[in-house]
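**Student:** here is my input; please provide its structure:
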Amino acid sequence: MDGTDSFTVGTDYHRALDDGRVECTVCPRACRLREGQRGLCFVRARAGDQIVLTSYGRSSGFCVDPIEKKPLNHFLPGTPVLSFGTAGCNLACRFCQNWDISKSREIDTLTSSAAPETLADEAKRLGCKSIAFTYNDPTIFLEYAVDCADAARELGLKAVAVSAGYINPAPRAELYSHMDAANIDLKAFTEEFYKKITFSSLPKVLDTLEYLVHETEVWTEITTLLIPGHNDSDGEIAAECAWIAEHLGTGVPLHFTAFHPDFKMRDVPATPPATLRRARRIALEAGLEYVYTGNIHDPGGQTTYCPGCGESLVVRDWYRIDCYALSNSGQCMFCGVDVPGVFEGPAGDWGPRRQPVRLAPPSHK
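**Tutor:** Numbering: from 1, shown residues only. Here you go, the predicted structure:
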């Protein structure tokens, strides 16, 4: 797909309605648009008789991060990942921690540009093992994400999607057939929260999680941002963990991360570290084997323990790996138990560094 010159490409996911509108079919929001209108996500718009992606080849910025920041703790530990996003989002979370990007309604937010091949070449040059579509949801820039993933794979790199999982089955199958790993934000475990706080729907996200774990080879981890007074009760956390154990399995990693006041929820206090540790304890009691805390300093809650012998296998301090006791293919070096994930050789040594990247703009011939 070639669209970096105009930054606009037609998409396959739409259908004409009898009233003259065109419906976008990428996500369950099903925006129905007249000529010139944009969907809630902002980057998908009506042009003629189709829906177009207006941000192809453009980004709000590129950065090399530790893969653990996505967060992915069982996918190429310690390695750098080239991360980027666009503008807009198909959810409307009142607590968004990246609201300046995901809630942007200005194309000027997209100050960086790169053809997929350029991006992949730069990731390889920088020593990255993967590229990640993050900061906002790759669901809404699916066509660009797919092309970038393919370009990365051509160079032996892997592709990572960080997503809320709010996507329809057909585009979901296309997007994730090009991905190697995903972290899905399970934002809460009540439909009331999803409807009132994110303006979306919980069952659609649960369906995506079951699809990824049971119908694809995509390595999947889950993140829940705990917001005081909104989704952090013992009962809700226990219900979420019980569902994960029953429907996905006890080996799927779960990350509980700390909220900080932002966007339209500045009146809500930051998540106390004790809340994350309590949630982790509830999850372990529910039988989940790999449960982590994030956005706080908690080496114990960020360490991977062997479910067989209990030894510390990957000791993390923030995003730095201080001890690594897994074989090249992911077995415990103490008892030989397999740890689920994607492990290829020894851990990397990227550490907690965050390196902004400026890519050269595509040439126009």
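
**Student:** burial measure for the nearest residue to Val162 once chain neighbours are set aside, as a count.
**Tutor:** Spatially, and ignoring its direct neighbours in sequence, Val162 is nearest to Thr134 (3.9 Å; CB to CB, 6 or more residues apart in numbering). C-beta here means a position set from N, CA and C on the backbone, and glycine is covered the same way. When neighbours are counted by other CB atoms under 10 Å, Thr134 registers 22.

**Student:** which residues does the helix or strand harbouring Ile131 contact?
**Tutor:** Secondary structure assigned from DSSP states H and E places Ile131 in strand 130-133. With contacts defined as CB atoms under 8 Å, 6 or more residues apart in numbering, strand 130-133 is touched by 65, 67, 70, 75-76, 79, 81-85, 119-120, 123, 141, 145, 148-149, 152, 157-163, 180-181.

**Student:** 7 Å instead?
**Tutor:** Residues outside strand 130-133 that contact it (CB atoms under 7 Å, 6 or more residues apart in numbering) are 67, 70, 76, 81-83, 85, 119, 123, 145, 148, 152, 157-162.

**Student:** returning to what we had before: OK, contacts around the residue nearest to Val162?
**Tutor:** Thr134 neighbours (CB under 7 Å, 6+ apart): 70, 83, 85, 162.

**Student:** which phi and psi does Gln355 have?
**Tutor:** Note on Gln355: its backbone torsions stand at phi -120, psi 100 [degrees, to the nearest 10].

**Student:** quick check: closest non-adjacent residue to it.
**Tutor:** Once flanking residues are discounted, Gln355 sits nearest to Val64: 4.1 Å by CB to CB, 6+ apart.

**Student:** next one: His74
**Tutor:** Closest residue in space to His74, ignoring its immediate chain neighbours: Gly341 at 2.9 Å, by CB to CB, 6+ apart.

**Student:** burial measure for that neighbour, as a count.
**Tutor:** Residues contacting Gly341 under the criterion other CB under 10 Å number 21.

**Student:** might one say that it is in contact with Pro77?
**Tutor:** No - under the criterion of CB atoms under 7 Å, Gly341 makes no contact with Pro77, lying 8.2 Å away.

**Student:** I'd like the average pLDDT over the helix or strand Ala170 falls within.
**Tutor:** Assessed by DSSP H and E, Ala170 sits inside helix 169-176. Helix 169-176 carries an average pLDDT of 98.

**Student:** likewise for stretch 244-253?
**Tutor:** Taken as a whole, stretch 244-253 has a mean pLDDT of 98.
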